[in-house]
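*Asks:* following is a predicted model, sequence given first.
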Amino acid sequence: MWQATPLSAARPSRPHPPVQPGTQPFLKVNRNGERFANESSPYNDIVYAAAHQPGRVYAQICDANVLEDAKRFHTIGCSAQTRNGGEKYFQGKVDEAVAAGTLFVCDTIEELADKLGFTGEAKDTFLATVERYNELYDKQNDEDFGKPAYRLSAIRTAPFYGCWLGASLLTTEQGIAINDKGRSGQRQQADARPVCHRRYVRLLLRQQLSLPDGRRGYGPP
């Protein structure tokens, strides 16, 4: 399970617990207003990249089309709740986060930059980063970090959403039961009988998530 904890813009090194947003591949910038990674990379990779940024935090930015974008992104795991929960669920979480001071909803990008605490050169860089990101969306080609085109999004339609995030937990709470046979152990069934390799692979294939068109896999090609 991965937990991205919203942070206060005034004190962006201290977590605030009310909302745990999923890992959507929206634009992410560091404290200098710079984009620093392919946001569509696995969650552990984006957190690792953020750990090498100033303050080890990042701001996530999106616009009014957040739900439509999330449907197109078709992420899995915890972040799938953003699209599966629907508009009522999303708005409820937005209201909670705004009340907690961990999410900002603004009518302009300039206002959002101010709310997020960007000033001076960092603010200019942030605004230029958003403009550049919109250019990449129009081209449907991420020339800077190689993110797949279907996971690019425009940031042009108010209201604009922004929040500071930081990693607070990275752990696996579920896994495959094994015994003490061999170097890596044998995979076990619920009744502790070993599972042969071929049957194990078939089990994994059956557990893959189904795509909207009925195919098996982890996202659009």
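*Replies:* The structure has been received and is ready for your questions.
*Asks:* from here on, just use CA atoms for contacts and neighbour counts.
*Replies:* OK.
*Asks:* give me the neighbour count for Glu121.
*Replies:* A count of nearby residues for Glu121, using other CA atoms under 10 Å, gives 11.
*Asks:* now do it against Glu34, distance only.
*Replies:* 11 Å (CA to CA, to the nearest Å).
*Asks:* same check, this time on Gln60
*Replies:* On the measure of CA to CA, Gln60 and Glu34 end up 12 Å apart.
*Asks:* again with Gly92
*Replies:* Distance of Gly92 to Glu34, computed by CA to CA: 30 Å.
*Asks:* give me the more crowded residue out of those two.
*Replies:* Taking neighbours as other CA under 10 Å, Gly92 and Glu34 compare with Glu34 leading, 20 against 11.
*Asks:* where exactly do the strands run in this protein?
*Replies:* With strands called from DSSP state E, the chain shows them at 2-7, 27-29, 58-62, 104-106, 160-170.
*Asks:* weakest of the ones you listed in terms of mean pLDDT?
*Replies:* When the strands of the chain are ranked by mean pLDDT, strand 2-7 comes last with a mean of 46.
*Asks:* how many residues are close by Gly146?
*Replies:* Neighbours of Gly146 under the rule other CA under 10 Å: 12.
*Asks:* residues touching it, list them.
*Replies:* Asn38 (CA atoms under 8 Å, 6 or more residues apart in numbering).
*Asks:* recalculate using a threshold of 6 Å.
*Replies:* With contacts taken as CA atoms under 6 Å, 6 or more residues apart in numbering, Gly146 has no neighbouring residues.
*Asks:* any idea of the pLDDT on it?
*Replies:* 96.
*Asks:* from what I can see Arg151 touches Thr75, true?
*Replies:* No. Arg151 lies out of contact with Thr75 (CA atoms under 6 Å); the separation is 9.6 Å.
*Asks:* gap between the nearest residue to Tyr161 once chain neighbours are set aside and Glu111?
*Replies:* Of all residues not flanking Tyr161 in the chain, Val105 sits nearest, at 4.8 Å (CA to CA, 6 or more residues apart in numbering). Noted for Val105: a distance of 9 Å to Glu111, by CA to CA.
*Asks:* please identify which of the two sits among more neighbours.
*Replies:* Under the criterion of other CA under 10 Å, the comparison of Val105 against Glu111 puts Val105 first, with 21 against 15.
*Asks:* where does pLDDT dip in the protein?
*Replies:* Within the chain, the segments meeting pLDDT under 70 span 1-22, 168-221.
*Asks:* before I go, just wanted to say thanks for your time.
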